[in-house]
Every structure is written in structure tokens, then in C-alpha cells.
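Colleague: Structure, please.
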Amino acid sequence: MGEETLIGQLRHTLARMESALGAVDQGLVFTDQHGVVEWTNHAFEGMVGLSRLQCLGRYLPDILPTRYHNGKVVPRDCIQFWSQFFPGRAIWELSDSLPRTVVEVTWASVTSSNPPSLVFTFRDQSAITQAQDKLVEARDQMERQVQLRTQQLLEARDEALAASRAKTRFLASMSHDIRTPLNAILGMIDLLGDSQLDAAQKEMVSTIQMSGSHLLALINDVLDIAQIETGVTCLKETRFNLTQLLEGCLAQFQPQAHLKGISLKLRAPSNGSAWLVGDDLKLCQIMNNLIGNSLKYTNEGAVNVTAELNPEPSGTVIASVEVADTGVGIEPDFLPKVFEEFSRFSTSMQSVESTGLGLAICARLCKALGGDISVVSKPGKGSCFTIKIPFISTVDPSMGSSARADDCKEDRSLHILIADDNRVNQRVLQLMLNRLGLQAELALDGCEAMGRIRQVPTIDLVFMDLEMPNLDGLAATRMLRAEGHQHPYIIALTAYSFDSQRLECEDAGMNDFLTKPLQKTALSEALQRFEDWRQQERHGGSSLHHSVSDNPEPSPQAEPSPQGDVAVAQAEAEQPL
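Modeller: Numbering: from 1, shown residues only. Model prediction:
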């Protein structure tokens with residue numbers, strides 16, 4: 001092959017290489033070892049905005065676009081990145097604002113020639129960088145939105161807590177302000193009902209009693225659902241007898257059943273096998289609501305309560321209690337809503353005044369106790385409500401204990417003091433005690449009560465109102481206990497009906513707790529607990545005080561607050577005094 005042919009082939013190969021390098025989308029530049037441009041391709045010419053002829057022979061840093069770092073211009077004399085002939089790589093920002101223009105620069109030395117030369121490549125990374133910037137901006141925007149939403153939720157939570165605290169204060173005030181006069185109304189009406197009345201007068205007294213009981217039930221239901229909605233349930237474990245508890249619930253409703261001519265009966269396990277450990281107060285409220293509800297919707301026939309205890313392999317016992325009536329029944333389309341708040345059912349056969357909260361409270365309390373509630377019903381035939389709640393089985397606590405005391409109403413030597421600033425409430429309680437054959441003296445505030453107890457250390461029993469001028473009942477009790485007065489036995493009286501009040505009373509050293517309006521049964525039970533305590537003291541019992549929290553009174557309320565207990569209120573149809 002001749003020299004001319006070789007030269008021709010070489011020129012042809014160089015032309016093909018020129019075309020190939022010119023088609024590459026990355027900028028390519030060849031320079032000598034000092035950075036003077038010797039060759040460029042089309043991509044580089046487009047990047048710097050100069051033709052190859054305009055680039056050749058020029059110093060490379062002089063024709064490169066302005067470089068930025070953190071928004072500031074980088075001096076050109078800092079771009080001699082090839083000062084040593086080693087391969088390298090750098091990222092350049094060619095704009096000072098968004099969207100960013102970014103190129104990746106790489107360089108290497110070509111040592112096969114003498115003197116050596118340099119080759120540079122410029123890759124446009126703007127598309128990738130701008131996509132990354134958009135992702136970063138989207139992330140930042142999302143974080144800002146999350147922060148904003150979090151702040152909004154925190155503000156909403158604070159507003160809700162403030163509203164809940166306001167509701168707590170309102171409910172507490174409403175409970176106190178309504179219960180205080182209601183105590184006098186229902187107490188006096190009950191005392192009047194025991195006097196000599198003709199038929200018309202008895203009818204009027206009965207009407208007032210029923211209306212007062214309904215008003216009390218409305219108050220209790222509203223307070224109950226407010227507490228339960230907080231979602232925080234405080235369960236108390238107490239040893240109780242299921243059969244005795246159910247008997248007590250039925251006893252409250254026997255007068256109402258008798259007036260309507262309805263049979264109210266109980267079938268339950270024998271007392272010896274019915275001892276359980278659990279929250280008897282909440283169970284009592286559930287039963288009161290269910291029995292009262294059945295009586296309201298039953299005009300003739302019977303309401304039957306049936307209880308069974310079914311042992312579980314886990315060691316617990318499932319208490320299954322049915323309340324079956326022969327009432328008006330429930331329409332099928334209403335059954336799915338029967339346990340919802342404010343659901344009221346009425347038929348052409350019967351219209352009943354109700355808040356629509358009683359069954360909702362039952363469902364919430366059953367769930368809180370780890371159980372459930374169900375209902376089957378046929379219109380015109382009646383309904384059957386069933387609750388199933390787990391408890392722990394235990395033994396009869398009376399085994400091996402001393403005999404129970406005689407009823408304290410037989411003991412006329414009791415020295416009783418009533419401390420209450422409301423003279424009407426003083427008189428109501430005094431008359432109720434008189435009916436039981438007991439006498440009491442009066443004090444108008446905590447200071448007067450303390451003075452009397454210091455003067456007469458033989459006072460056995462004090463009914464202490466919590467809210468009194470000068471010195472309230474809690475402060476007076478604390479001072480008495482601090483002075484060493486372990487006697488007398490102190491029973492708190494209050495129109496507030498919250499569990500938090502009970503705890504305060506127990507911490508102050510009070511022995512028992514009664515809510516207004518007072519009931520004859522609740523008063524009698526409190527007096528029996530006092531007598532039990534007194535007998536224990538006489539026999540050298542280890543416990544100086546009966547615990548307020550052990551009071552089985554069936555009508556405590558839990559204070560409505562974001563961290564409050566679930567309420568346990570009186571049943572709608574409970575017969576108060």
C-alpha cells in the first residue's frame with residue numbers, strides 16, 4: 001500500500017472520529033498542558049456559545065461559563081483544576097437561581113504525546129438536579145404542611161381540652177345546684193308520703209315523687225354519658241355477692257312494679273356460691289338501667305331477672321344476667337340503633353319520657369368491664385336484654401368472721417352530729433334519722449362541728465357536708481384527724497357525685513360518702529356500714545376506717561375530664577329519697 005493511500009485512509013479515519021465525537025451529547029475539549037484549547041466538539045460549543053474557531057488557541061477558563069458556589073461567583077483563577085496531570089471530577093453550578101444549571105466536569109491527561117495534553121468532558125446534569133430539587137421542595141413542602149397540620153391539631157386539642165374542662169365545671173355546678181334543692185324536695189315528699197294522707201293526697205305525693213325521680217334520672221344520665229365519652233375508665237375491684245347485689249337492685253324497683261301491677265322476680269345462684277371480685281358499682285348501674293328500662297316499657301305481665309355463673313378455663317367466671325319483660329317490644333328496624341346515644345323508641349301503644357341514654361350507658365359500661373350486651377325482641381311480645389361480664393370468683397368473706405351487729409336504728413344511745421350550712425337539708429336528714437329512731441344535733445359549718453367534737457368526745461357519728469362557709473367539711477376532717485381524733489365516724493354529704501370527690505374524702509380521713517338527694521336505702525346502708533365498723537372497733541379490728549371507695553352505694557358519678565373516670569350513675573328509674 002502506497003504512502004498516499006495510507007494518508008487517505010488516515011484522513012478518512014480522522015474524519016469519522018471527528019463526526020463521532022461531534023455527535024456525542026457531552027462537551028469534549030482537548031487542551032495542551034497549560035489549558036490552551038486545541039479541539040472542541042459541537043456539544044461544548046453549544047454550552048459556551050462559541051464556535052470551534054472562536055475557541056481554538058484560547059485559555060480554557062476564559063471561555064467557560066461563570067461558575068457559582070452558594071450563590072456567589074467563583075473567581076476564574078480558581079479553575080486551574082488540572083494543575084497536576086491526574087484524573088479528576090467536579091460538579092459546577094452555572095446559575096445563581098432556580099432552576100439550577102449544573103454540569104459534571106471530568107478531566108484526564110493524555111501522556112502518549114510529547115508534550116502531554118488534557119481531555120475534558122462536560123456532562124449536563126441539569127435535568128437530574130432539577131428533578132432532585134423538585135423532590136426536595138416537595139419534601140420540604142410536605143414537612144411544612146405536616147408541621148402546620150400538627151400545630152393546628154395541637155391547637156384543636158387544647159381547645160377541646162379547654163372545652164372539656166369548661167364542661168366539667170358546668171356539669172359539676174349543674175349537678176350541685178340541682179341536687180341541693182332536689183334533696184329537700186324528694187326528702188320532704190317521702191316523709192310526707194309516710195304520714196296520714198287521704199287517697200287524693202297520696203296520688204299527688206306519688207306524682208311529685210315520680211316526677212322528681214325522673215328529673216334525677218335525667219341529671220344522672222347526662223352526667224354519665226359525658227364521663228363515658230372521655231374514654232378513660234377506672235375499674236374498682238371489690239368483693240361482692242352477685243345475688244345480694246341483684247336483690248338490692250330489684251328491691252329499689254318493687255314499689256314501681258307494684259304500682260303498675262307487674263311481677264318483678266329474680267332467679268339467681270345461692271348466696272354461698274355467688275361471691276365475686278370486680279366493679280360492683282358499674283354492674284349495679286347496668287342492672288338498674290336495664291330493670292328500669294324494662295319497667296318503663298311494660299304495662300302488664302312481668303319483668304324477670306335471671307342470673308347464671310359460668311366458670312371459664314382461664315379461672316374467671318362469666319356472670320350472665322338476663323332481664324326479660326313482656327312489654328311492647330322493639331321494632332326490627334330500631335334494634336341496630338338501640339344502644340346508640342339519644343335513641344328513643346316509642347310506639348302507638350306507649351310513649352315514654354327518656355333521654356335515650358340509659359342503654360347506651362349500659363353498652364359502654366359492659367365494654368369497659370370486658371363484657372358485652374345483646375338484645376332480642378318481638379314487637380308486642382317483649383324484650384330480653386343479656387349481659388355477659390367476666391369476674392373473679394371468691395369465697396364468702398363472712399366465713400370465720402364475728403357475728404354481725406344489731407341494726408343501729410335499735411341503738412338510741414348513738415350521739416349523731418349533722419354539719420350542713422343549708423338548714424333545709426339539715427332538717428330533711430334530721431327527720432329521716434328520726435324515722436329510724438335516732439336523734440341528731442346540728443352545726444352550720446366546719447368550725448362549729450370541730451368545736452362540738454372537741455367539747456363532746458362521745459360523738460359517735462358525723463354527717464359532714466363538703467361545702468360550708470368558714471371551714472368546709474374536707475378541711476375540718478383533715479384537722480380532726482391531724483389532732484388525733486380517730487373517732488367519730490364521718491360520712492361525707494355532697495351534692496357533687498363524682499369519683500374524684502370520693503377520693504378526696506378518703507384522703508381527708510372520712511369513712512363514708514353519701515350523695516344528695518339522699519335515699520332511704522342509701523342512708524340505711526350507710527348506717528349499717530357504720531355499725532359494722534363500730535363492731536370491728538370493739539373487737540379490735542385492724543382497720544380503723546371503712547374505706548370510702550368500698551361504699552357500695554349504687555349511684556356514684558365520675559368527674560368529667562380528659563383523664564377522668566367513667567361515670568357510674570343511678571339508674572333512670574331508681575327511686576330516690
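Colleague: use CA for all of it now, contacts and neighbours both
Modeller: Noted.
Colleague: Show the pLDDT at residue 258.
Modeller: For residue 258, the pLDDT comes out at 89.
Colleague: show me where the stretch 51-200 of the chain has strands.
Modeller: Counting by DSSP state E, counting those that start in this stretch, the segments of the stretch 51-200 of the chain that form strands are 68-69, 72-73, 88-93, 102-110, 117-124.
Colleague: Revised request: answer the last question for the stretch 451-577 of the chain.
Modeller: For the stretch 451-577 of the chain, strands defined by DSSP E, counting those that start in this stretch occupy the ranges 461-465, 489-494, 512-515.
Colleague: repeat for the stretch 201-350 of the chain
Modeller: With DSSP E, counting those that start in this stretch as the criterion, the stretch 201-350 of the chain has strands spanning 238-241, 263-267, 275-278, 302-311, 316-325.
Colleague: where in the stretch 51-200 of the chain is pLDDT low?
Modeller: Segments of the stretch 51-200 of the chain classed as low confidence (criterion: pLDDT under 70) are 76-86, 113, 168-169, 171-172, 175-176.
Colleague: ok, which stretches of it are helices?
Modeller: Chain-ordered helices for the stretch 51-200 of the chain, with DSSP state H, counting those that start in this stretch as the definition, fall at 52-55, 60-63, 126-193, 199-228.
Colleague: what do you get for the stretch 251-400 of the chain?
Modeller: Assignment of helices within the stretch 251-400 of the chain using DSSP H, counting those that start in this stretch yields the ranges 280-296, 358-368.
Colleague: Of the ones you listed, which stretch is the most buried?
Modeller: Ranked by mean neighbour count, these are led by helix 280-296 with a mean of 25 (mean count of other CA atoms under 10 Å).
Colleague: That helix to strand 316-325, inter-axis angle?
Modeller: Inter-element angle recorded for helix 280-296 and strand 316-325: 20 degrees (by axes from the mean of the first three to the mean of the last three CA atoms, to 10 degrees).
Colleague: can you give me the mean pLDDT across helix 280-296?
Modeller: Per-residue scores along helix 280-296 average to 88.
Colleague: What is whatever helix or strand residue 20 lives in packed up against?
Modeller: Residue 20 is part of helix 3-23, with elements assigned from DSSP states H and E. Under the contact criterion of 3 or more CA pairs under 8 Å, 6 or more residues apart in numbering; DSSP states H and E, the helices and strands touching helix 3-23 comprise helix 42-48.
Colleague: chain center to the helix it packs on: distance?
Modeller: From the chain centre to the centre of helix 42-48 is a distance of 69 Å (CA atoms, centre = their mean, to the nearest Å).
Colleague: mind exporting stretch 510-528 as PDB, just the C-alpha atoms?
Modeller: Presented in PDB, the C-alpha positions along stretch 510-528 are these (Å, rounded to 0.1, in the frame of the first residue of the first chain):
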ATOM      1  CA  MET A 510     -63.600  10.400 106.000                       C
ATOM      2  CA  ASN A 511     -65.200   7.000 106.500                       C
ATOM      3  CA  ASP A 512     -68.100   7.000 104.000                       C
ATOM      4  CA  PHE A 513     -69.800   9.000 101.300                       C
ATOM      5  CA  LEU A 514     -73.400   9.900 100.500                       C
ATOM      6  CA  THR A 515     -74.700  11.900  97.600                       C
ATOM      7  CA  LYS A 516     -77.700  14.100  97.600                       C
ATOM      8  CA  PRO A 517     -80.600  13.600  97.100                       C
ATOM      9  CA  LEU A 518     -80.500  11.100  99.900                       C
ATOM     10  CA  GLN A 519     -82.200   7.800  99.600                       C
ATOM     11  CA  LYS A 520     -83.700   5.900 102.500                       C
ATOM     12  CA  THR A 521     -81.900   2.700 101.300                       C
ATOM     13  CA  ALA A 522     -78.600   4.500 100.900                       C
ATOM     14  CA  LEU A 523     -78.900   6.100 104.400                       C
ATOM     15  CA  SER A 524     -79.800   2.800 106.000                       C
ATOM     16  CA  GLU A 525     -76.900   1.000 104.200                       C
ATOM     17  CA  ALA A 526     -74.500   3.800 105.400                       C
ATOM     18  CA  LEU A 527     -75.800   3.400 109.000                       C
ATOM     19  CA  GLN A 528     -75.200  -0.400 108.700                       C
END
